[in-house]
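# Next one to model:
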Amino acid sequence: MSNNDSDTLSAHDAPEFAPAQFVRWFREVAPYVHRFRGKTFVVGFGGELIADDFLSTLIPDLSLLSALGIRLVLVHGSRPQVNEQLLLKGEKNTFGRGTSPTSPAALECAKEAAGEIRLDIEAAFSQGLPNTPMSHAQIRVISGNFVTARPVGVIDGVDYQHAGAVRKMDTESMRKILDQGAIVLLSPLGFSPTGDAFDLSMEELALNAAVALRAEKLIYLTPAPLANLDADQTIDGELARADADQLLSANALSEDSSVFLRSASQAVKRGIARAHIVPYPLDGSILLEIFTHDGVGTMVVEDTLDDLRPATLDDVASILQLIEPLEADGTLVPRGRAVVEREVERFTVLEHDGIIYGCVSVTPYLDEGMVEMACLIVHSEWQGSGEGELLLRHAESRARAMGAKRLFVLTTRTSHWFIKRGFVQGGVSDLPKEKRALYNRSRNSLVFIKKL
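Modelled structure (predicted):
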């Protein structure tokens, strides 16, 4: 291509490299890399991802995760590929989401589809990361008969024939493969001790693999984000399992979303710390979900608010104990007992074994669609395990429930902490009118705002 070609991007036209931005980004990502190195992630995705031609963008991201020391187990589905084969063979019954009756013809189609997809995945990993120092890296992908299955049998008078359920998994062999730095690949098929093959649900297989391996995360890659059909809005980025179950009971989700959310809820109930539902059409979505604070999907946890409860008047003395040292060094504006007592309903506290070790308050300014977060405090002896982030997410959740569009804070000492968590610096003029009138210019507090 000639230098005069208008489609050529020259060095002069390339975006300017911003060292400060790169350093900030690297510092933000490094703790996640450290935390997840050596951890096991189970990643499940349906045949839709392959049919939609997103495999070529997913594999480099998975290769990067593997290179960072994350132990990966991949579980693929094959529903659209099997349905396509069934229609070509003149079969009328096709597969829906979840477990469906599997005829002998459907089982043969499932075997054929699983073989083709497995080869496509192995071939994609064999490319390494083109045009990078990892272009010739050997990322090994190993599959095998790791899953022992049993027939589903007859349910409500319906014979499920060759549809199966997971009986057990060869976790010892899988762990040995992971210990060698290879990726385990599971196809949606299982085998009985007598050699019979059974068709498995991708969602069930991924769930059982995560539980059996005691994985750190179970991640489902889905065609679209979870959305509440009734309210026509995306589901919150984090759901306690009880809230997820309540959402499922309301029947407000599509069939696909319900299947994934139900599986994520079951995973958390069975001991998986975090289960994620992430839309694969967004480029780099799995990296954004893992390595950014807010993520891009929905994360289900057992209960982010285990020790979190509304404050009562009985808590005022404990709240003051948390506040007073920060008032003394100038971090917080002095409030006094009378103010805390009057505003106690705005506070939420973290309590464990009768000890209050954290708090946060929220004050609504709903005429302008804003909520103020203040007094976000975690006792020094309890810091370091994400309690501050729990309080932040709780404040965000309360603000959304009030109908606010923006959350703001005033700070003199902790601006970096808020910037890392998605807040953007504003000015006094961005504050609600009532708050502007109360702004203490002698403190010169910085204003940070986050869109909800």
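# Which residues does the helix of greatest length in the chain contact?
Ordering each helix of the chain by length in residues (DSSP state H) puts helix 104-125 first. Contact with helix 104-125 is made by 47, 50, 55-56, 59, 62-63, 74, 76, 78, 81-82, 85-86, 89, 91, 93, 95, 102, 139-141, 143, 161-162, 183, 185, 187-189, 197-199, as judged by Cβ atoms under 8 Å, 6 or more residues apart in numbering. Placement of C-beta: from N, CA and C, glycine included.
# let's see it at 7 Å
Helix 104-125 has contacts (Cβ atoms under 7 Å, 6 or more residues apart in numbering) with 47, 50, 55-56, 59, 63, 76, 78, 81-82, 85-86, 89, 91, 139, 141, 143, 162, 185, 187-189, 197, 199.
# Now the buried members of these.
For these, a burial check counting by 16 or more other Cβ atoms under 10 Å picks out 47, 50, 55, 59, 63, 76, 78, 81-82, 85-86, 139, 141, 143, 162, 185, 187-189, 197, 199.
# Let's see which of these end up in strands.
76, 141, 185, 189, 197, 199 (DSSP state E).
# Name the residues linked to the fourth one by a beta bridge.
Taking DSSP bridges as the rule, Leu189 bridges to Asp199.
# same thing with the second one?
According to DSSP bridges, the residues that bridge with Val141 are Ile183.
# Name the pair among the ones in strands among the buried ones among the contacts of helix 104-125 with the greatest separation in space.
The largest separation in those, counting by Cβ to Cβ, is between Val141 and Asp199 at 21.9 Å.
# right, and the helix or strand after the strand or helix carrying Arg393?
Element membership of Arg393 [criterion: DSSP states H and E] is helix 387-402. Of the helices and strands lying after helix 387-402 in sequence (DSSP H and E), the nearest is strand 406-411.
# Using CSV, write out every CA atom in the helix or strand following that next one.
Per DSSP H and E, the first helix or strand lying C-terminal to strand 406-411 is helix 415-420. Backbone C-alpha positions of helix 415-420 (Å, rounded to 0.1, in the frame of the first residue of the first chain) are rendered in CSV as follows:
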residue,chain,number,x,y,z
SER,A,415,-10.1,11.5,45.8
HIS,A,416,-8.0,8.8,44.3
TRP,A,417,-10.1,6.0,45.9
PHE,A,418,-13.3,7.5,44.3
ILE,A,419,-11.7,8.1,40.9
LYS,A,420,-10.7,4.4,40.8
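# Kindly report the domain assignment for the chain.
The chain breaks down into these domains under automatic domain parsing: 19-301, 308-451.
# Just name the most buried of these.
Most buried of the domains of the chain, by mean neighbour count (mean count of other Cβ atoms under 10 Å): domain 19-301, with a mean of 18.
# so where's the stretch 301-450 of the chain uncertain?
303-306, 353, 384-385 (pLDDT under 70).
# the strands in it, which residues?
308-310, 347-352, 355-365, 370-378, 406-411, 424-426, 446-451 (DSSP state E, counting those that start in this stretch).
# Parallel or antiparallel, list what pairs with the third one.
In the sheet containing strand 355-365, the strands it pairs with under DSSP bridges are strand 347-352 (antiparallel), strand 370-378 (antiparallel).
# Would you mind listing the residues in contact with Glu345?
Counting by Cβ under 7 Å, 6+ apart, Glu345 has no contacts.
# ok, now how distant is it from Thr363?
11 Å (Cβ to Cβ, to the nearest Å).
# With Phe26 instead?
Note on Phe26: its distance to Thr363, by Cβ to Cβ, is 36 Å.
# What of His352?
26 Å.
# likewise Leu55?
According to Cβ to Cβ, Leu55 and Thr363 sit 48 Å apart.
# and if you look at Ala328?
On the measure of Cβ to Cβ, Ala328 and Thr363 end up 23 Å apart.
# Surely Ala197 touches Pro188?
No. Contact criterion Cβ atoms under 7 Å: Ala197 and Pro188 do not qualify, at 10.8 Å.
# any common contacting residues for those two?
Common neighbours of Ala197 and Pro188 (Cβ under 7 Å, 6+ apart) do not exist.
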